[in-house]
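Engineer: here's my sequence, what's the structure:
(2 chains)
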Amino acid sequence: MTSFLAENIGPLMFVGLVIFLLLGYPVAFALSAVGLLFGFIGIQLGLLHPQLLQALPQRVYGIMQNDTLLAIPFFTFMGLVLERSGMAEELLDTLGQLFGAVRGGLAYSVIFVGGLLAATTGVVAASVIAMGLISLPIMLRHGYDKRLATGVIAASGTLAQIIPPSLVLIVMADQLGKSVGDLYRGALVPGLMLMGMYAGYALLVSIFRPASAPALAASARTLRGWALGRRVLSSLIPPVVLIFLVLGTIFLGIATPTEGGAMGGCGALALAALRKRLSLTVLRQAMSVTTKLACFVMFILIGSTLFGLVFRGVNGDLWVEHLLTALPGGAFGFLLVVNAMVFVLAFFLDYFELAFIIVPLLAPVADKLGVDLVWFGVLLSVNMQTSFLHPPFGFALFYLRSVAPKAVKTSDIYWGAAPFVCIQLLMVGLMIVFPSIGSVSHKGLDTGTTMRLDVPVSDDFESAPGTFELRPEDLTGYGPPKTEPKADHEQ
Amino acid sequence: MKSWLALAGLIDATNRRVGHAVSWLILLVTLVSACNAISRKAFSISSNAFLEIQWYLFAAVFLLAAGYTLLDNEHVRVDILNTRFPIRTRLWFELFGTVFFLGPLTVLMLWYGWPYFMVSITSREVSLQAGGLILWPAKLLIPAGFLLLFLQGLSQAIKLTAALAGRHPAAALIDRHAAQEEAAAAAAAIREHSGDGSRA
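Structural biologist: Okay, here's the model as predicted:
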């Protein structure tokens, strides 16, 4: 019994994780409970050093110092301030007027605004809710097919996941030990391609089933000529300026993502103030939602750190590595299996959980197989984006349901999402077949390149009271700040 | 039971107050970081103390708000199975999780976190960066945050027990869907804006 336990503790830990998660208790604490339970067992079996648990506060301290993840509250705050200050609605309204005359025009405007909102706010809920409240009624009133309308809105809303400054890419960069800027650069092309494919789908529908995507009648277009032009300037310019301020400076390397996020947050406050919509209520709501989001994200990281610490301690990572490197087809087989797995897991878990639990297990294997980690991260992000679109747990569908009129059946929303889930899968396939998409170095699958994760071991670990053995690779994905160390700021 | 529920109420109120207070730090840390960025770029001045204060503040936000986030039921869950169970089963699961998942973590973090902080304060540990800050306030955040989380766990356990005994509304403990409320709040904000005449 004991020897069985000792030999299979890695797989058992994984099974334990599934069971604990399914109980429905918050993920952060379920993760840490599995870590603690198996840590205790491991210590009893002599597999782990007793001082492992004693070093936990140190681990938390390492997470506190993480500069990369500091960008999360900044971008969230920025998105929430913009969402609540009404920028999204104005944009949609204006573009609806602009494109309305074309057949399928409302669908294009939703896709375009989805991309633009994604680039400014990076918050899925904001895009989906705004478009669901404003565009959906207009689309339905003008005879758009319910499935097309809801599908376009839900899918365009999820663009916030992949188009910078997306939160998932920040987490991904942190977990892969790569710079956020690189992931942002890598995700830009796939993000734009997705927009193109969504629009292509809308075009096809408008050609083959013109009745489901009609043009707006002239009477519905209230703005024209100069009034429309002015409106375009006033509602388009501010977000574009903000995009340049935030993304431009990050892409050009002028600002780190953390700095860009902070500037973006201030920019959002300034824009809201200019619109005279910066009330105390708006500010309070934005701060409170940001606080809670930051808190749950960081606690999942604490939980997954604890889990990972023990999992690696009992050589669970080696078990995963054996499983995945033994797959036929080398890197290609690995990518297929991993993507199929992430796609299925995305039915149950959303991206924070996936990124924190799965990615640290996969990254070392991908690295060993010679896969460019930035490209790998972008690929997984596109795949995880579908977690927002899968019925029945996709958050985008859920948000849309909560704001859609009663006439729209839940099954319409689910079926509407289906073509877009297929588009996502097509994109994942395209990326695997043409690895230059999403790769910054254009060496996506090149097995000749070996990427090393150079992880600086924090000084703090050396001054640790307990000395358990720490290999640098132990820290990959778990532990103290890795990417964009302080030096980045001090140049 | 009554006095236990009163204790739970006290803990809830405390954590709510702490949560509201630390959420202002989000605004503060955004401003501080933006100032850091500007001063680094425009004047080539950068202060390690100000760079460190960024993560001090953020750490304060997420550690001290942990109890508040638990109170508001915003730590994400995998609710694929458990929403299908009857209410009592879910209450039992929730109580089990609070006692056996949350409990050990918070106790352990307090147990080891306190000496970790004490070592720092008695040795007057200072950041290794030039001009860096003293470290004990940051390390104090660990036991402080986990204490608040522990207390909130205690409060949840009390309320769950009371709910199982039929003396506390059960729905408030398990049926609040954070995302739904968030969506409702956002929708309300948008409706309010579009109602003020900016569009037809």
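
Engineer: list phi and psi for B:Ile134.
Structural biologist: phi -70, psi 150 (degrees, to the nearest 10).

Engineer: look up how far chain A lies from it.
Structural biologist: 14 Å (CB to the nearest CB, to the nearest Å). From N, CA and C alone the C-beta is placed, and that goes for glycine too.

Engineer: SS state for the residue in the stretch 301-450 of chain A positioned nearest to chain B?
Structural biologist: Relative to chain B, the nearest point of the stretch 301-450 of chain A is A:Ser402 (4.4 Å; CB to the nearest CB). Assigned by DSSP: H, G, I helix; E, B strand; the rest coil, the conformation of A:Ser402 is helix.

Engineer: helix or strand for A:Glu90, which one?
Structural biologist: helix A:87-99 (DSSP states H and E).

Engineer: give me the distance from that helix to the chain's centre.
Structural biologist: Its chain's C-alpha centre and that of helix A:87-99 lie 25 Å apart, by CA atoms, centre = their mean, to the nearest Å.

Engineer: tell me if that helix is near chain B.
Structural biologist: Yes - counting by CB under 8 Å from any CB of the partner chain, chain B is contacted by helix A:87-99 at A:Ala88, A:Glu89, A:Glu90, A:Asp93.

Engineer: biggest separation within the residues you listed, which pair?
Structural biologist: Farthest pair in these (CB to CB) is A:Ala88 and A:Asp93. Separation: 9.5 Å.

Engineer: sorry, back to before: would a markdown table of the residues of helix A:87-99 next to chain B with pLDDT be doable?
Structural biologist: Output for these, formatted as a markdown table (pLDDT from 0 to 100):
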| residue | pLDDT |
| --- | --- |
| A:Ala88 | 71 |
| A:Glu89 | 73 |
| A:Glu90 | 77 |
| A:Asp93 | 77 |
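
Engineer: out of those, which is most surrounded?
Structural biologist: Ranked by neighbour count (other CB atoms under 10 Å in any protein chain shown), those have A:Ala88 at the top, with 31 neighbours.

Engineer: tell me the secondary structure for the spatially closest residue to it that is not a sequence neighbour?
Structural biologist: Leaving aside its sequence neighbours, A:Ala88 sits nearest to A:Ala130 (CB to CB, 6 or more residues apart in numbering or on different chains; 3.7 Å). State at A:Ala130, reduced to three classes by three-state DSSP: helix.

Engineer: A:Ala130 against A:Leu117, yeah?
Structural biologist: Yes - A:Ala130 lies in contact with A:Leu117 (CB atoms under 8 Å); the separation is 7.2 Å.

Engineer: need the overlap of contacts for those two.
Structural biologist: Common neighbours of A:Ala130 and A:Leu117, using CB atoms under 8 Å, 6 or more residues apart in numbering or on different chains, are A:Ala88.

Engineer: quick check: closest non-adjacent residue to residue 109.
Structural biologist: Picked chain A for this. Nearest to A:Ser109 is A:Leu95, by CB to CB, 6+ apart, at 3.9 Å.

Engineer: ah, no, chain B please
Structural biologist: The nearest residue in space to B:Met109 (CB to CB, 6+ apart) is B:Phe146, at 4.0 Å.

Engineer: what about the one you found, which SS state?
Structural biologist: Judged by three-state DSSP, the three-state class of B:Phe146 is helix.

Engineer: these two touch, right, it and B:Gly113?
Structural biologist: Yes - using CB under 8 Å, B:Phe146 is in contact with B:Gly113, at 6.1 Å.

Engineer: which element is the closest residue in space to B:Ile80 that isn't next to it in sequence on?
Structural biologist: Nearest non-adjacent residue to B:Ile80, counting by CB to CB, 6+ apart: A:Phe348, 5.3 Å away. Under the criterion DSSP H and E, no helix or strand holds A:Phe348.

Engineer: dump the residue contacts of A:Phe348.
Structural biologist: Applying CB under 8 Å, 6+ apart, the residues near A:Phe348 are A:Phe393, B:Val78, B:Ile80.
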